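Trainee: Sharing a model prediction with you, sequence too.
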Amino acid sequence: MKFGIDRLLADPDLRKPLAGKRVALLAHPASVTADLTHGLDALVAAGLNVSAVFGPQHGVRGDLQDNMMESPDFTDPTYGMPVFSLYGEVRRPTGQSMGTFDVMLVDLQDVGCRIYTFVTTLLYVLEAAAAHGKSVWVLDRPNPAGRPVEGLTLLPGWESFVGAGPMPMRHGMTLGEMGQWFIEQFKLDVDYRVIAMEGWAPDAAPGFGWPSERPWINPSPNAANVNMARAYAGTVMLEGTTLSEARGTTRPLELFGAPDIDAKAVIAEMRRFAPDWLAGCTLRDIWFQPTFHKHVGALCSGVFIHAEGAAYDHAAFRPWRLQALAFKAIRALYPGYDLWRDFPYEYVFDKLAIDVINGGPGLREWVDDAGARPGDLDALAIPDEAAWVEARRPHLLY
């Protein structure tokens, strides 16, 4: 198969509209071609007039680990062009930076989750392009989490940098498709084009979204593999809790734990309370010791989520419910557990992080309600999921 950037580079006709134009590239370390050449080098070698580079959260170099660690602007040392950070002094492109190009090429590997901030950055770029009369092309890439949809729809008034609009947590779209939905949803008047992939089969084994012939490159420091991308729509919620999401280990956002829980007991309670929600994956109790971040230096009892191997069932695996179930199990085993982390999250200072992550309080309230059953969360989520499947349908390209 071919990613968008590979098609653009291989087909002179696709590049023709860029002749004589100043081109900007929005990219990160995973913005590479099939032979692993970075897109910036490949586009310059192809003769395009690349006049500026933009970087999302974690930086165009992908060097910054945690949330709310800002990247500076700088000058590219090889080509001498300006590199503008969209996660530094600003999160939206400024008038000054918008004046450096005519067409922006967006080549970002996403992981298929509303909270992964490249989705919001795409919206902000489209809004700025509409305001300044610029063109935006998305060089499309696979959604490694595939087509399944899961989670609550973000509620009105809960928009944030991790919540660009009314979509569920696991949206099942590519960035190219998402751009089309944004334009319709927010009534944007912008010159927009998708350089689509060729041969992407999101329902096909073994990758179910990720083509196994392509090496995985971290789009952000803690997105280490496809297992993480599959689990992320659930494990990202750990950022709003006192539980470790295993930052400071080699497998972040694929497991969770803490020094004061019993992982085996948590897994057993999960199986007792909602066994159907464990389908499609394997849970394994482990021990780990974070070298930084939450519970640094402490021995943690943890649960590893294996959305991989022979037991993986792509259609059955529901990471958002799985992680919600883990919270519910901890509540049942340790009723007074200090679960919800109270700190500023992605520049939101007046709401609990877990609610910002979920785009509303519904999940937290379900976890904290001792009488709530699995069906009560399903009653909230299933209508949202069904509505999104219909809303996204006109924008699917594959």
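Mentor: Good, I have the coordinates. Numbers count the residues shown, from 1 in each chain.
Trainee: who's in contact with the stretch of helix or strand Gln96 belongs to?
Mentor: Element membership for Gln96, per DSSP states H and E: helix 95-98. By CB atoms under 8 Å, 6 or more residues apart in numbering, the surrounding residues in contact with helix 95-98 are Ala52, Phe54, Pro82, Phe84, Ala128, Ala129, His132, Lys134. For glycine as for every other residue, the C-beta is placed from the backbone atoms N, C-alpha and C.
Trainee: Figure out how far that helix is from the centre of its chain.
Mentor: 26 Å (CA atoms, centre = their mean, to the nearest Å).
Trainee: Report the buried residues of it.
Mentor: Neighbour-count burial for helix 95-98 flags Ser97, Met98 (criterion: 16 or more other CB atoms under 10 Å).
Trainee: Only C-alpha atoms, please: export it in CSV.
Mentor: In CSV, the C-alpha atoms belonging to helix 95-98 read as follows (Å, rounded to 0.1, in the frame of the first residue of the first chain):
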residue,chain,number,x,y,z
GLY,A,95,-0.8,35.6,11.3
GLN,A,96,3.0,35.9,11.1
SER,A,97,3.5,32.2,10.6
MET,A,98,0.5,32.0,8.2
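Trainee: Quick check on the contacts of helix 95-98: which are buried?
Mentor: In terms of neighbour count (16+ other CB under 10 Å), the buried residues within these are Ala52, Phe54, Pro82, Phe84, Ala128, Ala129, Lys134.
Trainee: Could you look up the SS state of the residue nearest to Gly59 when sequence neighbours are not counted?
Mentor: Nearest residue to Gly59 in three dimensions, chain neighbours excluded: Ser71, at 3.8 Å (CB to CB, 6 or more residues apart in numbering). When classified by DSSP: H, G, I helix; E, B strand; the rest coil, Ser71 comes out as coil.
Trainee: In strands, which of the buried ones among the contacts of helix 95-98 fall?
Mentor: In strands, defined here by DSSP state E, the members of the buried ones among the contacts of helix 95-98 are Ala52, Phe54, Pro82, Phe84.
Trainee: related to what we said a few turns ago, of all pairs in the contacts of helix 95-98, which one spans the longest distance?
Mentor: Pro82 and Ala129 (17.6 Å; CB to CB).
Trainee: which stretches of the chain form helices?
Mentor: Here the chain has its helices, by DSSP state H, at 4-10, 12-15, 39-45, 95-98, 118-132, 175-185, 226-235, 263-273, 319-333, 353-358, 362-368, 374-392.
Trainee: Switch those helices over to a markdown table; also include mean pLDDT and distance to Asp191.
Mentor: Formatted as a markdown table, these follow (pLDDT from 0 to 100; distance: least, CB to CB, whole Å):
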| stretch | mean pLDDT | distance to Asp191 |
| --- | --- | --- |
| helix 4-10 | 98 | 16 |
| helix 12-15 | 97 | 15 |
| helix 39-45 | 97 | 19 |
| helix 95-98 | 92 | 14 |
| helix 118-132 | 97 | 8 |
| helix 175-185 | 98 | 10 |
| helix 226-235 | 98 | 31 |
| helix 263-273 | 98 | 49 |
| helix 319-333 | 98 | 35 |
| helix 353-358 | 97 | 33 |
| helix 362-368 | 98 | 38 |
| helix 374-392 | 98 | 22 |
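Trainee: which of those sits most buried?
Mentor: Comparing the helices of the chain by mean neighbour count (mean count of other CB atoms under 10 Å), helix 226-235 ranks first with a mean of 27.
Trainee: and the angle for that one with helix 319-333?
Mentor: Calculated by axes from the mean of the first three to the mean of the last three CA atoms, to 10 degrees, helix 226-235 forms an angle of 60 degrees with helix 319-333.
Trainee: elements contacting helix 226-235?
Mentor: In this structure, helix 226-235 makes packing contacts with strand 300-306, helix 319-333, judged by 3 or more CB pairs under 8 Å, 6 or more residues apart in numbering; DSSP states H and E.
Trainee: mind checking how far the closest residue in space to Val103 that isn't next to it in sequence is from Val106?
Mentor: Of all residues not flanking Val103 in the chain, Ser135 sits nearest, at 4.3 Å (CB to CB, 6+ apart). To Val106, Ser135 is 11 Å away according to CB to CB, to the nearest Å.
Trainee: who's more crowded, the two?
Mentor: Val106 (28 against 18; other CB atoms under 10 Å).
Trainee: OK, contacts around that one?
Mentor: Shown in contact with Val106 (CB under 8 Å, 6+ apart): Leu26, Leu122, Val125, Val136, Trp137, Val138, Leu139, Leu175, Gly179.
Trainee: Next one: it from Gly360, what distance?
Mentor: Applying CB to CB, the value for Val106 to Gly360 is 28 Å.
Trainee: what sits against Ile217?
Mentor: Pro29, Ala30, Val32, Leu36, Gln109.
Trainee: Could you identify the most distant pair in those?
Mentor: Those two in the contacts of Ile217 that are separated most widely, counting by CB to CB, are Leu36 and Gln109, at 12.8 Å.
Trainee: more crowded one of the two?
Mentor: Each of Leu36 and Gln109 has its neighbours counted (other CB under 10 Å); Gln109 has more, 24 against 9.
Trainee: ok, back up a step: among the contacts of helix 95-98, which one sits closest to Met270?
Mentor: Phe54 (41.9 Å).
Trainee: rewinding a little: adding pLDDT and distance to Asp368, write the ones in strands among the buried ones among the contacts of helix 95-98 out as CSV.
Mentor: Output for those, formatted as CSV (pLDDT from 0 to 100; distance: CB to CB, whole Å):
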residue, pLDDT, distance to Asp368
Ala52, 96, 47
Phe54, 96, 40
Pro82, 94, 48
Phe84, 94, 42
